[in-house]
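A.B. asks: show me how the following folds:
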Amino acid sequence: MKKIAISGVTGFIGSTLCQKFLDQGYEVIGLGRRENERTKGITNPHFTFMYLDKMDANILRDTDIFYHFAWNMDLANTPDFTLAWNTELSNLKMTCETLDFAIKAGVKKIVFCGSISQEKYCFDANHNLTDIKGSIYGMTKQLASDIWRRIANDEHREYNLVLLANTYGPHDLKTVCKFIKRISLNEDLNLIEENDLVDWVYIDDTINGLVAVGEKGHNLKTYYLGHRQITSFGEKIKEIKRILNSQSQLNFGTFKETKGTDYTKIDLDALYRDTGFECQCDFATGILKIHDWLEEEGLLNE
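C.D. replies: Predicted coordinates for the structure are as follows:
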């Protein structure tokens, strides 16, 4: 039986990946700062929860793949940049301690689950410096992943960095689901430029892509986990409005992106070439699933 470890298992993506592997009959070690309803509800005997500050090398020993998601986002939206950099420094320390422990426990492969924000604020030396919070987050993620790429190589362990696009799905009320909720309620929206490029990935595709990287990713490679063709923000929002038969007024251009993603700097086909994975989920089907979930939860009764 394969053994998988997932730090940040209490989060939306981490908990869904955990369930995927349990359904496949794998043993899963979930790590987190604290338990929540996502982990407390798991009754599978092949699941073990372990606190990040009480890691046990015997439990982690000979883990086949370690997926690292853990990242404290409690102060992600703070307007205080001092709190922001202090938080990110603590994230860097936690990440280094966690993965150092994993290496010493005998983990065979590390998949560092990063963010497209690393491209936004690190790959382009001439980026706009107005988004302080975003740039601190992106730079810290990049630094952490660079450190662990080097250490994993020196310790003869396999390593991949995955740059995650914006993942959405039921049971998560972040950006995309907020748009779906507001459009469902026929609210008017003030938005960024219509032609700005964005990539939204349904949770099922994100999970299958992470499995593909863990099983087939080439050592030391970075993979973008998203669509191979990127469409505009305006196309996506208009499609949501059409699917939901909404009367929302869409006010494009009210806000300016301080630094959008430059997809020309990203190899969008690398994951497909190396593993055969590409996104399969139909956008309209995903939107309707989220709408149904919002309705079931009573979140459209406002």
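A.B. asks: which residues touch Asp62?
C.D. replies: With contact taken as C-beta atoms under 8 Å, 6 or more residues apart in numbering, Asp62 is in contact with 3, 106, 108. The C-beta positions use only the backbone N, C-alpha and C, and glycine is treated the same way.
A.B. asks: wait, Leu163
C.D. replies: 114-116, 118-119, 222-226, 266.
A.B. asks: am I right that it is in a strand?
C.D. replies: Yes: the assignment for Leu163 by DSSP: H, G, I helix; E, B strand; the rest coil puts it in a strand.
A.B. asks: if it is in a bridge, with which residues?
C.D. replies: Gly114, Tyr224 (DSSP bridges).
A.B. asks: restricting to C-alpha, output the helix or strand Trp148 falls within in CSV.
C.D. replies: Here Trp148 is covered by helix 132-154, with elements defined by DSSP states H and E. Coordinates of the C-alpha atoms in helix 132-154 are reproduced here as CSV (Å, rounded to 0.1, in the frame of the first residue of the first chain):
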residue,chain,number,x,y,z
ILE,A,132,2.7,44.8,-1.3
LYS,A,133,0.8,42.0,0.3
GLY,A,134,0.7,39.9,-2.8
SER,A,135,4.4,40.4,-3.6
ILE,A,136,5.5,39.4,-0.1
TYR,A,137,3.4,36.2,-0.3
GLY,A,138,4.6,35.4,-3.8
MET,A,139,8.3,36.0,-3.1
THR,A,140,8.1,33.9,0.1
LYS,A,141,6.5,31.0,-1.7
GLN,A,142,9.2,31.2,-4.4
LEU,A,143,12.0,31.3,-1.8
ALA,A,144,10.6,28.4,0.1
SER,A,145,10.2,26.3,-3.1
ASP,A,146,13.7,27.2,-4.3
ILE,A,147,15.3,26.2,-1.0
TRP,A,148,13.5,22.8,-1.1
ARG,A,149,14.3,22.2,-4.7
ARG,A,150,18.0,22.5,-3.8
ILE,A,151,17.8,20.4,-0.6
ALA,A,152,15.8,17.6,-2.2
ASN,A,153,18.3,17.4,-4.9
ASP,A,154,21.2,17.3,-2.5
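A.B. asks: and that helix, which residues are buried?
C.D. replies: If you call a residue buried by 16 or more other C-beta atoms under 10 Å, then helix 132-154 has these buried ones: 133-145, 147-149, 151-152.
A.B. asks: buried subset of the contacts of Asp62, written for PyMOL?
C.D. replies: Buried members of the contacts of Asp62, defined by 16+ other C-beta under 10 Å, are picked up in PyMOL with:
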select buried, resi 3
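A.B. asks: dump the contacts of Asp62 to JSON lines, plus secondary structure.
C.D. replies: Formatted as JSON lines, the contacts of Asp62 follow (three-state DSSP):
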{"residue": "Lys3", "secondary structure": "strand"}
{"residue": "Gly106", "secondary structure": "coil"}
{"residue": "Lys108", "secondary structure": "coil"}
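A.B. asks: can I get the contacts of Asp62 in TSV with distance to Phe277 and pLDDT?
C.D. replies: Conversion of the contacts of Asp62 to TSV gives the following (distance: C-beta to C-beta, whole Å; pLDDT from 0 to 100):
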residue	distance to Phe277	pLDDT
Lys3	22	97
Gly106	27	95
Lys108	21	97
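A.B. asks: excluding its backbone neighbours, what's nearest Tyr26?
C.D. replies: Lys2 (4.8 Å; C-beta to C-beta, 6 or more residues apart in numbering).
A.B. asks: please read the previous query as pertaining to Ile65.
C.D. replies: Closest to Ile65 by C-beta to C-beta, 6+ apart is Gly214, at 4.4 Å.
A.B. asks: the one you found: what's it in contact with?
C.D. replies: Counting by C-beta under 8 Å, 6+ apart, Gly214 touches 4, 65, 67, 109, 111, 160.
A.B. asks: from the chain's centre, how far out does the helix or strand in which the third one is found sit?
C.D. replies: Which is Tyr67. Taking DSSP H and E as the criterion, Tyr67 maps to strand 65-68. Relative to its chain's centre, strand 65-68 lies at 13 Å (C-alpha atoms, centre = their mean, to the nearest Å).
A.B. asks: show me the shaky parts of the stretch 151-300 of the chain.
C.D. replies: Within the stretch 151-300 of the chain, the ranges that satisfy pLDDT under 70 run 258-259.
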